[in-house]
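>>> what's the 3D shape of this:
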Amino acid sequence: GRRIVIPTMATRRRTRRDSDEDRNRAKRRRKEKEVEAEEVEEAEDLPAEDETLVELRRTYRRAAQNAETKLEGLDLSEEVWMELVSRVVRHVIFKSQRSGAPITRPELSQVVLEDSRLKELGRKGLAALVITVAQHKLLDAFGLEMREVSRVRPRHAANADRKKALTGDAEVKVFILRSALPTQLRRYSQLSRDNSSRALAFVVTTLVKLAGDSLGEDALWKYLGEVGIRKGARDHPVFGDVEDELKKLVRQRYLIKEKCAQGLGGDYEYQLAENAVDEFPREKMDAHFKDLLKRAGISSGDSEGDVEEKESKE
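Numbers count the residues shown, from 1 in each chain. Here you go, the predicted structure:
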């Protein structure tokens with residue numbers, strides 16, 4: 001007669017788990033389609049800034065969907081890889097709140113693969129897939145974009161490092177967290193900073209940019225002194241301890257502080273790092289600076305050259 005195979009308890013549990021995962025996967029797909037339909041409707045009458053956010057969400061969602069499809073091909077349950085995504089999200093938000101410094105991809109990969117049982121899957125791109133899904137979760141749940149940018153190198157790097165930079169071998173990618181919310185809602189962002197810190201960052205960044213992306217420490221303090229910010233003063237009514245704030249900007253990778261190439265007198269100079277380059281792009285700085293000059297009744301014809309010339313005379 002026909003042989004009857006009675007499924008074992010383990011087989012039943014595995015079948016039940018697979019069925020649950022199939023239902024969850026179908027439920028997630030239906031929800032994604034509903035979100036897509038809602039975004040299409042919302043985008044019709046939105047201001048340009050909000051339309052940009054909708055397009056940004058769409059881009060990250062598509063990348064996350066592709067990553068989730070590949071994750072389903074690995075020998076991992078959805079519960080496990082979703083926990084890995086949550087782990088990355090928690091790490092990124094906590095570190096950004098604590099230090100504000102960019103986060104490297106190897107650091108996030110270590111967060112994903114800290115369980116030794118996942119090391120083998122690390123060679124199959126598990127960390128990269130989880131990071132991609134985490135980028136979408138951050139944007140969708142918190143309105144935060146985890147953007148990957150190139151780490152800015154000090155201009156006076158060692159000869160060996162400069163040679164690597166020329167061949168492209170030394171480029172390092174880092175993640176920075178930015179609010180993607182419309183301007184009027186950014187005060188509610190997880191990353192909202194006090195206005196005084198951001199104002200000082202913008203002033204210093206502008207001065208360094210106008211000086212040709214590099215400004216000596218003495219020259220910086222001279223310019224700051226002209227607006228009432230004195231070196232050594234620890235009780236400025238708006239900025240508090242300004243020297244401490246500058247050190248914080250270096251730690252957060254808004255500025256690079258490096259010994260001058262000549263090495264004379266132990267002088268240092270400031271350069272722009274990736275956080276400043278991304279948060280205060282050249283076009284935004286130029287528009288703001290020209291607006292200030294216009295209000296003061298000054299022509300903005302060759303402002304950058306004027307700053308460089310003034311520094312060289314000093």
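>>> pLDDT weak spots in the stretch 1-150 of the chain?
1-25, 27-51 (pLDDT under 70).
>>> Alpha carbons only: can I get the helix or strand containing residue 137 in PDB?
Assigned by DSSP states H and E, residue 137 falls within helix 126-142. Provided in PDB are the C-alpha atoms of helix 126-142 (Å, rounded to 0.1, in the frame of the first residue of the first chain):
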ATOM      1  CA  LEU A 126      24.000  40.800   5.600                       C
ATOM      2  CA  ALA A 127      25.300  44.000   7.200                       C
ATOM      3  CA  ALA A 128      24.900  46.100   4.000                       C
ATOM      4  CA  LEU A 129      21.300  44.800   3.500                       C
ATOM      5  CA  VAL A 130      20.300  45.500   7.100                       C
ATOM      6  CA  ILE A 131      21.800  49.000   6.900                       C
ATOM      7  CA  THR A 132      19.800  49.700   3.800                       C
ATOM      8  CA  VAL A 133      16.600  48.700   5.500                       C
ATOM      9  CA  ALA A 134      17.600  50.800   8.600                       C
ATOM     10  CA  GLN A 135      18.000  53.900   6.400                       C
ATOM     11  CA  HIS A 136      14.400  53.500   5.300                       C
ATOM     12  CA  LYS A 137      13.100  52.900   8.800                       C
ATOM     13  CA  LEU A 138      14.900  56.000  10.100                       C
ATOM     14  CA  LEU A 139      13.300  58.200   7.400                       C
ATOM     15  CA  ASP A 140       9.800  56.600   7.600                       C
ATOM     16  CA  ALA A 141       9.500  56.500  11.400                       C
ATOM     17  CA  PHE A 142      11.600  59.500  12.600                       C
END
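>>> Check which element follows that helix along the chain.
Heading C-terminal from helix 126-142 (DSSP H and E), you reach strand 144-150.
>>> Residue 114: how many residues sit nearby?
Burial measure for residue 114: 11 neighbouring residues, criterion other C-beta atoms under 10 Å. C-betas here are computed from N, CA, C, even on glycine.
>>> could you check the angle strand 144-150 makes with the helix holding residue 137?
140 degrees (axes from the mean of the first three to the mean of the last three C-alpha atoms, to 10 degrees).
>>> ok, and what's touching helix 126-142?
56-57, 60-61, 63-64, 66-68, 70-71, 74, 76, 81, 84-86, 88-89, 92-93, 105, 108-109, 112-113, 118, 144-146, 177, 180, 189-190 (C-beta atoms under 8 Å, 6 or more residues apart in numbering).
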